[in-house]
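S.K.: Quick check, what structure comes out for this input:
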Amino acid sequence: RLYQVPFEMPSCEEESEPHTLHLVGDFSAPAEFFVTLGVFSFLYTMAALVLYLRFHSLYTENKKLPSADFCVTVCFAFFWLVAAAAWGKGLSDVKAATRPSSLIAAMGVCQGQDVVCSAGATPAMGLANISVVR
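M.R.: The predicted model follows:
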């Protein structure tokens with residue numbers, strides 16, 4: 001899937017209506033994977049909590065149940081690591097697509113010989129970086 005993220009681009013020509021520039025790319029897959037894994041982890045945690053509290057005797061009597069619980073927990077931990085890496089890659093893709101120099105290079109109005117385009121301030125990505133670390 002390719003998503004096009006539109007944003008308004010000013011026009012220096014005589015018409016006053018801005019043109020729409022589309023960023024092409026799919027940045028949703030890592031976030032969807034991360035959220036899906038989080039939902040499954042929550043559901044498994046709730047099921048395990050019911051098993052631990054309501055059926056404690058079954059859990060302690062059956063020797064295979066703790067081993068299966070451990071294996072499922074290890075799998076969730078591995079996939080969580082993979083999801084965090086995918087989230088980081090998705091963030092770096094979003095940063096690359098929305099870098100001011102990339103946006104200016106994509107604007108046709110900035111391609112003129114006597115035109116000087118400036119990006120202004122660099123966007124702050126600190127909170128997005130923290131979301132990957134946490």
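S.K.: Mind listing what's buried along the longest helix belonging to the chain?
M.R.: Ordering each helix of the chain by length in residues (DSSP state H) puts helix 64-97 first. For helix 64-97, burial by neighbour count (16 or more other Cβ atoms under 10 Å) applies to 76, 79, 83-84, 86-87, 90-91, 94. From N, CA and C alone the C-beta is placed, and that goes for glycine too.
S.K.: And the strands in this structure, which stretches?
M.R.: Per DSSP state E, the chain carries strands over the ranges 3-9, 19-25.
S.K.: For the chain, identify the residue most remote from the centre.
M.R.: E61 (42.5 Å; Cα atoms, centre = their mean).
S.K.: ok, and the helix or strand in this structure with the lowest average confidence?
M.R.: Scoring the helices and strands of the chain by mean pLDDT, DSSP states H and E places strand 3-9 at the bottom, with a mean of 52.
S.K.: mind showing which ranges of this structure have poor pLDDT?
M.R.: 1-24, 134 (pLDDT under 70).
S.K.: and the spatially most central residue of it, how far is that from A128?
M.R.: By Cα atoms, centre = their mean, the chain has its centre lying nearest to A31, at 3.6 Å. As judged by Cβ to Cβ, to the nearest Å, A31 and A128 stand 11 Å apart.
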